[in-house]
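**Student:** 3D model of this:
(chains A, B, C and D, ligands or ions: 4)
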Amino acid sequence: MRTTALGIDRAVGMLTTMVLIRAFEEQADELFAQGRVYGTMHLSIGQEAVATGVCAALRPDDYILSTHRGHGHCLAKGADVRLMMAEFLGKDTGYCRGRGGSMHIADVSSGNLGANGIVAGGLPLATGVGLSIQMRRTEQVCVAFFGDGAANEGAFHESLNLASIWRLPVVFVCENNQYGMSMPVGRSMSVERISERAGAYGLPGQTVDGMDVLAVHEAAATAVGRARGGEGPTLLECVTYRYKGHSKSDTQRYRGKDEVDTWRERDPIGRFVGVLEGEGRLAPGAVRGLERDARAAIEAALQFAEASPEPDPSTLLDGVYAGE
Amino acid sequence: MRTTALGIDRAVGMLTTMVLIRAFEEQADELFAQGRVYGTMHLSIGQEAVATGVCAALRPDDYILSTHRGHGHCLAKGADVRLMMAEFLGKDTGYCRGRGGSMHIADVSSGNLGANGIVAGGLPLATGVGLSIQMRRTEQVCVAFFGDGAANEGAFHESLNLASIWRLPVVFVCENNQYGMSMPVGRSMSVERISERAGAYGLPGQTVDGMDVLAVHEAAATAVGRARGGEGPTLLECVTYRYKGHSKSDTQRYRGKDEVDTWRERDPIGRFVGVLEGEGRLAPGAVRGLERDARAAIEAALQFAEASPEPDPSTLLDGVYAGE
Amino acid sequence: MSRELTYREALREALREEMRRDDRVILLGEDIGTYGGAFAVTDGLLQEFGPERVRDTPISEAGITGCAIGAALTGMRPVLEIQFMDFITLCMEQLVLQAAKIRYMFGGKAQVPMVLRTPAGSGTGAAAQHSESLEAWFAHVPGLKVVAPSTAADAKGLLLASIRDDNPVIFVEHKLLYKERGEVPEGSEPIPLGVAEVKRAGTDVTVIATGVMVGRALDAAQRVADDGISVEVIDPRTLRPLDGETLIASAKKTGRVVVAYEGVKTLGIGAEIAALISESEAFFHLDAPIVRLGGQECPLPYNRRLERAAVPQVDDIVTGVRRVMRA
Amino acid sequence: MSRELTYREALREALREEMRRDDRVILLGEDIGTYGGAFAVTDGLLQEFGPERVRDTPISEAGITGCAIGAALTGMRPVLEIQFMDFITLCMEQLVLQAAKIRYMFGGKAQVPMVLRTPAGSGTGAAAQHSESLEAWFAHVPGLKVVAPSTAADAKGLLLASIRDDNPVIFVEHKLLYKERGEVPEGSEPIPLGVAEVKRAGTDVTVIATGVMVGRALDAAQRVADDGISVEVIDPRTLRPLDGETLIASAKKTGRVVVAYEGVKTLGIGAEIAALISESEAFFHLDAPIVRLGGQECPLPYNRRLERAAVPQVDDIVTGVRRVMRA
Ligand SMILES: Cc1ncc(C[n+]2csc(CCOP(=O)(O)OP(=O)(O)O)c2C)c(N)n1
Ligand SMILES: Cc1ncc(C[n+]2csc(CCOP(=O)(O)OP(=O)(O)O)c2C)c(N)n1
Ligand SMILES: [Mg+2]
Ligand SMILES: [Mg+2]
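**Tutor:** Ligands and ions are numbered 1, 2, ... in the order given. The predicted model follows:
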């Protein structure tokens, strides 16, 4: 892990993003624990390097399609944390006017075409976004995030095939966090690496350490470059881990605390701080400042959200149809 | 192509099957041309070696799941051609009492779990048949036939994955006849060989000459042996060609006559006859006798079918529900 | 000014005109290019618009549906052909959980302007997996619109309107109608969605019919006219949203209603139409129970006689009209 | 003899008893083993029956549905869990074109004895892609049966009957009911499919309610009883085939009908119930239009207040009953 290839601003920018994602997730976790949030949610603590490294390789007008575990993608793609928190709390000021909630936060203006409650549900959409880019000749790129579990859905197969034969500007980013809910990846498929599946579509596939933001970023930049250059899609597998349960109701019977602890030792934030400090590009302890800033931003967002009105039930039918 | 590994009876048996399939298909073609059949159908002329070579490797109690282009599979698995012809003509004496027709002929008693009107529709079913075999511990095997076009359906992906992780006794036989309706296989996917897709599931994949019944049979026997021995599924691609249009309404704009003629030179029946004659295992011209027998059998079947009654409209609702 | 076209030609003309008018309109589907479409609707369009805009797809119904949605979400106006309506069963997640909901889930901040065209119905001997009439499923889904033309003129005008609509539209064509001819006005005039049409005015009984049943209802109306029964035939044309006003007004006027549709009777579109009229003020004007004539409660059989028996024919509508007159 | 169980426990008991009784009964689904099921219905069954019979699957809804069908076709009796009813959109081809039709297409020479269990409904803040009530789609499909229990006792008895049935059964559970307690008889007594139950007898108005609406209808009945309105509450329990006889008899008796269901109003199960009653001889006994209370015409929103407003609540049923009494 070396930052040399990156300017110091971008490196610190990525660290800032990771710290912000973690702060958001921790706040979300706390709000749930306090009974202040309705429904369920899926936290990405431990996986910050993937969202961050990938989105850092994108232009503001590039697109992403996110997943149920999408808070990190949303922030990394440039969401306003206040509007995001408001949506998380179901407020009328939120990105989706409180209709979406955690599982459907979208911010079309920053290129985030939505979290998705359906495992692999965003992959077919990504082919269409890619086709649209190709036909509009805008040289944008579309990134589709999905999990290890999603790689067993038919939608994965159809989407990668379609993107391949039409050389669409799509990067398929698999966040292999070792489990689809309770199902260990080793029991749900017979390949060592999910990236091996790229071969079935004649596509390049690559597996990187998803706890290493620089490795993720480098691989993503290459894949995005290919896509933008008209060379077609890539399957990029990022090996990572979720520290928290799958969702709020998960008692985690399927794994031991040891396993979680082992992964925590490779924490993507801690490691990246270590690298930056080791290279003398971050003053020792300076990360505390970033964390404070992140918490302050989250705090302000929370205040904004809590002060915001709930949607009025009389607006229930708003937005079902366009042009009404 | 050598028959040595096979007894002469089995070799001639396979030839007989191929000849019968062709005779059936030619009769079907003629009946349509004469306006004596309702609806549509899909002929397998040119592909006889696949159905024959594969089914010759099966036990009578093994299962197959067939496709829209299923006449050959049905005959090769041991259907009674009279009941089959009656179904083809929608008669009450047919396998499905006239409810199914060409696209749904099934004969559960000979292990044929049905043609299928849905491309790749039989593949998920095959996993269940495999699971049932595995749990009942009967050492049966299930073969799922499908086309090159079907290999792009999500069902292909989910089914091969499921069969792989559970080591189900299923052989996936892809009849790559170069086209999915009008779509050339080279435009619908980016791999040279469909069997390469086996790698995505950690499965063995093999491509054989589907115009060579002995090659098909040998590969199928190996795959069936693996399945029966508990070693799990295989993806077997048989490279073949359909001489006729996709269905009755196909004007074949997507290919030239030359291409068809080139493939016809490799005719699976002609080649196999040549081998048997060359080895002195079939008297020169003896195939004429087989052809005559086949035509006679088809003729008798046609008479049976035509003499059979149509289903009575008052029985329309029979068989919707079990136990009524 | 108008000229005679087949339903198929009318559809093709609508596609061609919209593609000429608007670069964002593209076609996706299996065998729609060289082959010209399984029912020849797109025949010739590849030649005019090229393979970028008339795009043959692999056999991946869910994938290509998502592809259309994603393209629609980012500025295109795709028209997707699903080769037989039966295969739409493979697209349900993308259509119902994505296309229909994206706008709402996003707080109204996005739109999915796409059309999914698909041939439905029985009568061609295609058996249980190629004869479905599943429009009622989609009419149950907020966020979708559902259109089902019964004439060449409606085919053209409604397809124009569907392509210009900013919402996902399920456009249900009927296989038996493709070859039917009818007068079609010149020019590119859309027929607004959500508006029923009185296909024949009458005073004694209202027959509400959709798709292929409209022609059968008109034949039945002609037959019973000889007995002095005056039938009003209405085609809702759009099945979601239903033009309740027109249907209810006619029911109030005649006091007797027959609904004819090809989908399975139970929970077919006629269930909604009957329920809608029964809960409206027309209830107080009804002189007889509403008669529903829908598909029989079975998969579509291959055999021609069985197949005919499985869906309402002209005779059945005549019988239904007589029954509602007697009550 | 009976004891109190939760709806969830009652379901689990049915599964356990059938698995003990019949080796051919196996469970398939995502996270049903170690995890015990997303809603804990199968909790503990892995321990008793082992991983062969309680089988965690990959996330491949279409594939595992086909797997259940293929197994059913060849001698097993699988019970498949689809984690949320929304995801059944991925299984439609296998369920509707295969499971429902195989027997018929094969001329009655095969059967597909399987159950697909799935949690439906809103009220948990799960938003638009985890709150669907799609039972009406399946009630439209010949070859399928559809069951929707509203109490712990029904949950057990109907699940026993569904597993023993030789047809594919869509078994719709409601998320809000899992924790509800009720008396459940000892023993493995199935409740026959296709039989409605009068949950409360009354004389002035019939409220036909399904799933979670049954409890709300009972609460509403209690509330209006104070005003001297006597409400009969009927739960069809099986949505295909509907027990028309019981529903029609009650409608004839009271002359006033309210139908309460959670699925989208248009073409939800209430459309069929209203149409069925309107076309029956009960028509002549109706004193008022049938009132349908269904889900609003929108995807399910996340926000709790909006979510509540999107489906009928006790207040709405009270209002509906008053409305039908006034007409
Ligand atoms: C089609 C579908 N099936 C099942 C679910 C329920 N579900 C939500 S997330 C999840 C696990 C997904 O695993 P993976 O793709 O690895 O993503 P992760 O949760 O690990 O981020 C499951 C089963 C769903 N939302 N959609
Ligand atoms: C799900 C589905 N999509 C489309 C079709 C229409 N269709 C029938 S056969 C066919 C081509 C299938 O190609 P392939 O799998 O290669 O089989 P082949 O016809 O060449 O034997 C198509 C598109 C169908 N029956 N089912
Ligand atoms: Mg995962
Ligand atoms: Mg083919």
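**Student:** What is the neighbour count of residue 58?
**Tutor:** Let's take chain A. Per other C-beta atoms under 10 Å in any protein chain shown, the neighbour tally for residue A:58 reads 23. Heads up, the C-betas are built off the backbone N, CA and C, glycines and all.
**Student:** that's the other chain; I wanted chain C
**Tutor:** 24.
**Student:** where does it land in three-state SS?
**Tutor:** coil (DSSP: H, G, I helix; E, B strand; the rest coil).
**Student:** Same question for residue C:42.
**Tutor:** coil.
**Student:** what's the nearest residue to it if we skip its chain neighbours?
**Tutor:** residue C:32 (4.4 Å; C-beta to C-beta, 6 or more residues apart in numbering or on different chains).
**Student:** got the contact list for the one you found?
**Tutor:** Contacts for residue C:32 (C-beta atoms under 8 Å, 6 or more residues apart in numbering or on different chains) come out as C:41-42, C:45-46, C:54-56, C:81.
**Student:** hmm, try it at 7 Å
**Tutor:** C:42, C:54, C:56, C:81 (C-beta atoms under 7 Å, 6 or more residues apart in numbering or on different chains).
**Student:** Residue C:26 too?
**Tutor:** Contacts for residue C:26 (C-beta under 7 Å, 6+ apart) come out as A:135, C:53, C:55, C:76, C:78.
**Student:** what's the neighbour count on the fourth one?
**Tutor:** Meaning residue C:76. Summarising burial for residue C:76: neighbours were counted as other C-beta under 10 Å, giving 25.
**Student:** what's the spacing between the residue lying closest to residue A:276 once chain neighbours are set aside and residue A:275?
**Tutor:** If the residues on either side of it in the chain are set aside, residue A:276 comes closest to residue A:282, at 3.7 Å by C-beta to C-beta, 6+ apart. Counting by C-beta to C-beta, to the nearest Å, the gap from residue A:282 to residue A:275 is 9 Å.
**Student:** So which residues of the chain form strands?
**Tutor:** In the absence of a named chain, this looks at chain A. Secondary structure of chain A, counting by DSSP state E: strands at A:63-65, A:142-147, A:170-176, A:179-180, A:183-184, A:205-209, A:234-239.
**Student:** Hmm, no, I was thinking of chain C.
**Tutor:** C:2-6, C:25-29, C:54-56, C:77-81, C:115-120, C:145-147, C:169-174, C:181-185, C:197-200, C:205-209, C:231-235, C:238-240, C:257-264, C:291-295.
**Student:** any chance of those strands in CSV, with mean pLDDT and distance to residue A:78 too?
**Tutor:** Converted to CSV, these look like this (pLDDT from 0 to 100; distance: least, C-beta to C-beta, whole Å):
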stretch, mean pLDDT, distance to residue A:78
strand C:2-6, 96, 51
strand C:25-29, 99, 30
strand C:54-56, 98, 32
strand C:77-81, 99, 28
strand C:115-120, 99, 33
strand C:145-147, 99, 34
strand C:169-174, 99, 33
strand C:181-185, 98, 50
strand C:197-200, 98, 49
strand C:205-209, 98, 52
strand C:231-235, 99, 50
strand C:238-240, 98, 37
strand C:257-264, 98, 47
strand C:291-295, 98, 52
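**Student:** can you put those strands in JSON lines and add distance to residue A:171?
**Tutor:** Below are the strands of chain C laid out as JSON lines (distance: least, C-beta to C-beta, whole Å):
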{"stretch": "strand C:2-6", "distance to residue A:171": "45"}
{"stretch": "strand C:25-29", "distance to residue A:171": "22"}
{"stretch": "strand C:54-56", "distance to residue A:171": "22"}
{"stretch": "strand C:77-81", "distance to residue A:171": "22"}
{"stretch": "strand C:115-120", "distance to residue A:171": "28"}
{"stretch": "strand C:145-147", "distance to residue A:171": "34"}
{"stretch": "strand C:169-174", "distance to residue A:171": "31"}
{"stretch": "strand C:181-185", "distance to residue A:171": "46"}
{"stretch": "strand C:197-200", "distance to residue A:171": "49"}
{"stretch": "strand C:205-209", "distance to residue A:171": "50"}
{"stretch": "strand C:231-235", "distance to residue A:171": "48"}
{"stretch": "strand C:238-240", "distance to residue A:171": "37"}
{"stretch": "strand C:257-264", "distance to residue A:171": "42"}
{"stretch": "strand C:291-295", "distance to residue A:171": "46"}
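**Student:** For residue C:68, which of those is the nearest?
**Tutor:** Closest approach to residue C:68 among the strands of chain C (C-beta to C-beta): strand C:77-81, 4.1 Å.
**Student:** any idea of the mean pLDDT in whichever helix or strand comes after the closest one?
**Tutor:** As assigned by DSSP states H and E, the chain's next helix or strand after strand C:77-81 is helix C:92. The pLDDT scores in helix C:92 average 98.
**Student:** I'd like the distance between residue A:313 and residue A:83.
**Tutor:** For residue A:313, the distance to residue A:83 equals 22 Å [C-beta to C-beta].
**Student:** Give me the nearest residue to the residue of the stretch 1-150 of chain A found nearest ligand 1, chain neighbours excluded.
**Tutor:** Residue of the stretch 1-150 of chain A nearest ligand 1, by C-beta to the nearest ligand atom: residue A:147 (2.2 Å). Spatial nearest neighbour of residue A:147, chain neighbours left out: residue A:175 (5.5 Å); criterion: C-beta to C-beta, 6+ apart.
**Student:** so what's the one you found up against?
**Tutor:** With contact set as C-beta under 7 Å, 6+ apart, residue A:175 has these partners: A:47, A:50, A:145, A:147, A:210, A:238, A:240.
**Student:** try residue C:89
**Tutor:** If you count contacts by C-beta under 7 Å, 6+ apart, residue C:89 has them with D:92-93, D:96-97.
**Student:** same check, this time on residue C:304
**Tutor:** Applying C-beta under 7 Å, 6+ apart, the residues near residue C:304 are B:38, B:90, C:125.
**Student:** thinking again about what came up before, make JSON lines from the contacts of residue A:175 and add pLDDT, distance to ligand 4 and neighbour count to it.
**Tutor:** Shown next, in JSON lines, are the contacts of residue A:175 (pLDDT from 0 to 100; distance: C-beta to the ion, whole Å; neighbours: other C-beta atoms under 10 Å in any protein chain shown):
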{"residue": "A:47", "pLDDT": "98", "distance to ligand 4": "41", "neighbour count": "27"}
{"residue": "A:50", "pLDDT": "98", "distance to ligand 4": "39", "neighbour count": "31"}
{"residue": "A:145", "pLDDT": "99", "distance to ligand 4": "34", "neighbour count": "28"}
{"residue": "A:147", "pLDDT": "98", "distance to ligand 4": "33", "neighbour count": "28"}
{"residue": "A:210", "pLDDT": "98", "distance to ligand 4": "39", "neighbour count": "29"}
{"residue": "A:238", "pLDDT": "99", "distance to ligand 4": "36", "neighbour count": "29"}
{"residue": "A:240", "pLDDT": "98", "distance to ligand 4": "40", "neighbour count": "28"}
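**Student:** If we only consider those, which is nearest to residue A:228?
**Tutor:** Among these, and counting by C-beta to C-beta, the member closest to residue A:228 is residue A:145, at 18.1 Å.
**Student:** wait, that closest one sits on residue A:172?
**Tutor:** No. Between residue A:145 and residue A:172 there is no contact under C-beta atoms under 7 Å: 8.6 Å.
**Student:** Between residue A:313 and residue A:83, which is the more surrounded one?
**Tutor:** Set side by side, residue A:313 and residue A:83 show more neighbours around residue A:83, with 21 against 14, by other C-beta under 10 Å.
**Student:** hmm, back to that, for PyMOL, what selects the buried ones among the contacts of residue C:304?
**Tutor:** Here is the PyMOL selection string for the buried members of the contacts of residue C:304, based on 16 or more other C-beta atoms under 10 Å in any protein chain shown:
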select buried, (chain B and resi 38+90) or (chain C and resi 125)
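**Student:** so which of the contacts of residue C:304 comes closest to ligand 2?
**Tutor:** Comparing the contacts of residue C:304 against ligand 2 with C-beta to the nearest ligand atom places residue C:125 closest, at 14.8 Å.
**Student:** how close does that closest one sit to chain A?
**Tutor:** Look at residue C:125 and chain A: by C-beta to the nearest C-beta, to the nearest Å, they are 30 Å apart.
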